[in-house]
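S.K.: What follows is a predicted structure for the sequence shown.
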Amino acid sequence: MPKQQRLKKYKSQFLIKLLTEMIRIRRFEEKAAQMYGLQKIGGFCHLYIGQEAVAVGSISTLNLKKDYVATAYRDHGHALVSGLSADELMAELYGKVTGCSRGKGGSMHFFSAEKHFLGGNGIVGGQIPVATGAALKISYRKEKGVVLCYFGDGAIHQGTFHESLNLAKIWNLPIVYIVENNQYGMGTNFQRVSAVSDFYIMGSSYGFEGKQVDGMDVLKVYEEVNKAAKEAREKGIPSLLEIKTYRYRGHSMSDPAKYRTKEELNQFKKQDPILILKSEMEENGLLDEKAYKKIDDAAKAEMEAAVRFAEESPEPEISELYEHVLA
């Protein structure tokens, strides 16, 4: 479908929602980076700037009363779109008791059982069997849900990936595996460490349908994940999507990202997912600069309020050290 016509399929409220969610993630991440620089936030912190279209486009296909999300340590964007509040997420970054994991998990371990958000997982590939287990639960209980399982290109060579895909196909589990290929596993270009550089074809080893998706275009992500999720939910057909994206910041806050050129970064900044949707909506008369500024200002105000909430929240009591410890 020609790009100038494809927006006609969608209600303007839906497009504004997609744009708003991407802007909220961008402003949350920028504020988190600022607070990290001021040493208000410690530990690891992996930002999602540049990859917003992946989480927003895919999670917009879900009903999180029935469906589930599991992701890796770059989890802030997924958590926001899954319905966790900026307040509880910022408080978690601050290590405060009002955080979504009571200040114990930090950046890599956002979690909400109520929202069906199964993390945030700090172990590379550790979420893949967790998500597969959630899909087994849905299948076993004959529920009508689906699981979206996200991981990076650095995790695709883990044994958990291959074992989980094998089980998902044998048991016909309702799960969509999504590799967010942001081009780099920490500081190494994915093509240097992978015998197969088109990850989506790896699904064929287990009888999976695989597809490569433009992860800088939120509508393409929405459309492809929507198809895959429907097949998984209604027919128990799992799939593997390689969503090609790009992170504009380093791997984590301590990474100066000197392994890539400024020219490469600037080239990908021309494909900013927020600007792509914004300009397309403007071309179709669905958005003007004043409306965009209103959305952006609201997101900035929300994140300023989240910082105030985190600053004013109490530290965990010392007794919390021994709560939730299983062994």
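M.R.: Now that the structure is in, tell me what you want to look at.
S.K.: Strands of the stretch 151-300 of the chain, residue ranges please.
M.R.: If DSSP state E, counting those that start in this stretch is used as the criterion, the strands of the stretch 151-300 of the chain fall at 175-181, 184-185, 188-189, 209-214, 239-244.
S.K.: Run through the stretch 151-300 of the chain and note the low-pLDDT ranges.
M.R.: For the stretch 151-300 of the chain, applying pLDDT under 70 flags the ranges 187-193.
S.K.: ok, which stretches of it are helices?
M.R.: Ranges of helices in the stretch 151-300 of the chain, per DSSP state H, counting those that start in this stretch, are 159-170, 190-193, 218-235, 262-269, 273-283, 289-312.
S.K.: closest one to A327 among those helices?
M.R.: Shortest distance between A327 and those, using C-beta to C-beta, is found for helix 159-170: 22.1 Å. Every residue, glycine included, has its C-beta placed from N, CA and C.
S.K.: how far out from the middle of the chain is the closest one?
M.R.: In terms of C-alpha atoms, centre = their mean, to the nearest Å, the gap separating the centre of helix 159-170 from the centre of its chain is 21 Å.
S.K.: Show me what it is packed against.
M.R.: Counting contacts by 3 or more C-beta pairs under 8 Å, 6 or more residues apart in numbering; DSSP states H and E, helix 159-170 is packed against helix 127-140, strand 175-181.
S.K.: make it 6 Å
M.R.: Secondary-structure packing of helix 159-170 (3 or more C-beta pairs under 6 Å, 6 or more residues apart in numbering; DSSP states H and E): helix 127-140.
S.K.: what number of residues lie near the closest residue to Q51 other than its chain neighbours?
M.R.: Ranked by C-beta to C-beta, 6 or more residues apart in numbering and with sequence neighbours excluded, the top spatial neighbour of Q51 is T245, at 4.6 Å. One way to gauge burial is a neighbour count; for T245, by other C-beta atoms under 10 Å, it gives 27.
S.K.: and the angle for the lengthiest helix in the chain with helix 273-283?
M.R.: Using DSSP state H to define each element, the chain has its longest helix at helix 12-37. Here helix 12-37 points in a direction 150 degrees away from that of helix 273-283 (axes from the mean of the first three to the mean of the last three C-alpha atoms, to 10 degrees).
S.K.: and helix 12-37 with helix 289-312, angle?
M.R.: For helix 12-37 and helix 289-312, the angle between their directions (the same axes, to 10 degrees) works out to 40 degrees.
S.K.: Can you name every helix or strand that helix 12-37 contacts?
M.R.: Under the contact criterion of 3+ C-beta pairs under 6 Å, 6+ apart, the helices and strands touching helix 12-37 comprise helix 52-59, helix 76-81, helix 273-283, helix 289-312.
S.K.: mind checking which of the ones you listed is nearest Q183?
M.R.: Ranking these by proximity to Q183 (C-beta to C-beta) places helix 52-59 first, at 13.1 Å.
S.K.: Buried residues of the next helix-or-strand element following that closest one, list them for me.
M.R.: Beyond helix 52-59 on the C-terminal side, the first helix or strand identified by DSSP states H and E is strand 68-70. For strand 68-70, burial by neighbour count (16 or more other C-beta atoms under 10 Å) applies to 68-70.
S.K.: do the same with stretch 225-237
M.R.: For stretch 225-237, using 16+ other C-beta under 10 Å, the buried residues are 225, 227-229, 231-233, 236-237.
S.K.: now, the most widely separated pair of those?
M.R.: The largest distance within those, taken as C-beta to C-beta, falls between V225 and G236 and amounts to 17.0 Å.
S.K.: coming back round to it: any chance of the strands of the stretch 151-300 of the chain in TSV, plus mean neighbour count?
M.R.: Supplementary listing: the strands of the stretch 151-300 of the chain in TSV, determined by neighbours: other C-beta atoms under 10 Å:
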stretch	mean neighbour count
strand 175-181	28
strand 184-185	20
strand 188-189	14
strand 209-214	18
strand 239-244	25
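S.K.: and the closest residue to H46 other than its chain neighbours, how far is that from G203?
M.R.: Nearest non-adjacent residue to H46, counting by C-beta to C-beta, 6+ apart: R74, 4.2 Å away. Per C-beta to C-beta, to the nearest Å, R74 is found 22 Å from G203.
S.K.: And these two? Which one has more around it.
M.R.: Of the pair R74 and G203, R74 is the one with more neighbours under other C-beta under 10 Å, namely 24 against 21.
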